[in-house]
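1. here you go, sequence then predicted model.
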Amino acid sequence: MRNEASRIGRALEILVESGLCDDRLELLLVDDGSTDSTAEVAEAVIAGHGLLGKVLRQGVNRGKGVAVREGLLQATGATRVFVDADLPVAPDDVERCFVTLEDGEADVVYGTRAHPDSRVLRRQPVLRVAASRAFSLWLRALGLAEDPDTQCGLKGVTAEAATLVVAPLVTEGYAFDVELLTRADRARLQVTPVPVQWSHVAAGNVLPLRDGLAAARAAWRIRSLLR
């Protein structure tokens, strides 16, 4: 999370109200060099509800891929799920990821809006949709992904899968999802898509053209790296 002071508190409250944050859940939030009070807001909610969790602070902005890798590797649970700070999916979707992993149905799970059981309640702006479709076509051309939605912001791994496919991640930006799923596929792990109830949340940190081009270049590097 980065500069999410205006939203992270509400996102955490939604998770608490859902009952997901019980005494079995270790909650780790990675602050990716925020320049606002994101970390303090998150810590106040954690302390206020007595949650088992903490904020991992990165002194400088290193990229979403680095932040997610840090959180998944520092987690101690047998199953580990990450979700974007703006919480675009429902708490039930997060729980579904945990259940799928715990039941032994997958080593890696990922939420996808392309699943036939998914529901999109609030769509993205036209420019974001166009950028997503172009990125999906690019990934197919590179032979990296068949699913048209790799960027949903909800994924999970077992502890063993974290060692195999999260620890080696080198992609620092938004395309880290592609590297994670590609590594899981190459490692012959069981990768399972799960449906989501998804709502677009305006993201001030994301610029479709700039970040889309950066992700496209990163995907090319991923193909070269894992060829």
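-> Sure thing, it's come through.
2. for the rest of this, base every contact and every neighbour count on C-alpha atoms.
-> Will do.
3. strands along the protein, start to end?
-> Secondary structure of the chain by DSSP state E: the strands cover 27-32, 53-58, 79-83, 108-111, 119-122, 154-158, 191-194, 197-199.
4. tell me the mean pLDDT over the last one?
-> Averaging the model's pLDDT scores along strand 197-199 yields 93.
5. what does the fifth one give?
-> Per-residue confidence for strand 119-122 averages out to 92 on the pLDDT scale.
6. picking up where we left off before, to Arg227, which of the strands of the chain lies closest?
-> strand 191-194 (19.5 Å; CA to CA).
7. residues in contact with the residue lying closest to Glu13 once chain neighbours are set aside?
-> Excluding the flanking residues, the one nearest Glu13 by CA to CA, 6 or more residues apart in numbering is Val45, at 7.6 Å. Val45 makes contacts with Gly9, Leu12, Glu13, as judged by CA atoms under 8 Å, 6 or more residues apart in numbering.
8. same check, this time on Val55
-> Val55 makes contacts with Leu28, Leu29, Val30, Asp31, Ala39, Ala42, Glu43, as judged by CA under 8 Å, 6+ apart.
9. same thing but 10 Å
-> Contacts for Val55 (CA atoms under 10 Å, 6 or more residues apart in numbering) come out as Leu27, Leu28, Leu29, Val30, Asp31, Thr38, Ala39, Glu40, Ala42, Glu43, Ile46, Gly71.
10. quick check: the gap between the last one and Phe82.
-> Relative to Phe82, Gly71 is positioned 8 Å away (criterion: CA to CA, to the nearest Å).
11. how much space separates the residue nearest to Lys54 when sequence neighbours are not counted from Ala215?
-> When the adjacent residues along the chain are set aside, Lys54 lies closest to Leu28, with 5.4 Å between them (CA to CA, 6+ apart). In this structure, Leu28 and Ala215 are separated by 25 Å, where distance is defined by CA to CA.
12. cool, and Ala159?
-> Relative to Ala215, Ala159 is positioned 27 Å away (criterion: CA to CA).
13. would you mind listing the buried residues in the longest helix belonging to the chain?
-> Ranked by residue count, the top helix of the chain under DSSP state H comes out as helix 208-226. Neighbour counts over helix 208-226 (16 or more other CA atoms under 10 Å) mark Asp211, Gly212, Ala215, Ala216, Ala218, Ala219, Ile222, Arg223 as buried.
14. correct me, but the last one touches Glu179?
-> What it means is Arg223. Yes: the pair formed by Arg223 and Glu179 meets the contact definition of CA atoms under 10 Å, at 8.6 Å.
15. overlap in contacts of these two?
-> The contact sets of Arg223 and Glu179 overlap at Leu144 (CA under 10 Å, 6+ apart).
16. now render the contacts of Val55 as a markdown table, adding neighbour count and pLDDT.
-> Output for the contacts of Val55, formatted as a markdown table (neighbours: other CA atoms under 10 Å; pLDDT from 0 to 100):
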| residue | neighbour count | pLDDT |
| --- | --- | --- |
| Leu27 | 20 | 96 |
| Leu28 | 18 | 97 |
| Leu29 | 23 | 97 |
| Val30 | 24 | 97 |
| Asp31 | 26 | 96 |
| Thr38 | 22 | 96 |
| Ala39 | 26 | 96 |
| Glu40 | 13 | 97 |
| Ala42 | 24 | 97 |
| Glu43 | 17 | 97 |
| Ile46 | 21 | 96 |
| Gly71 | 20 | 97 |
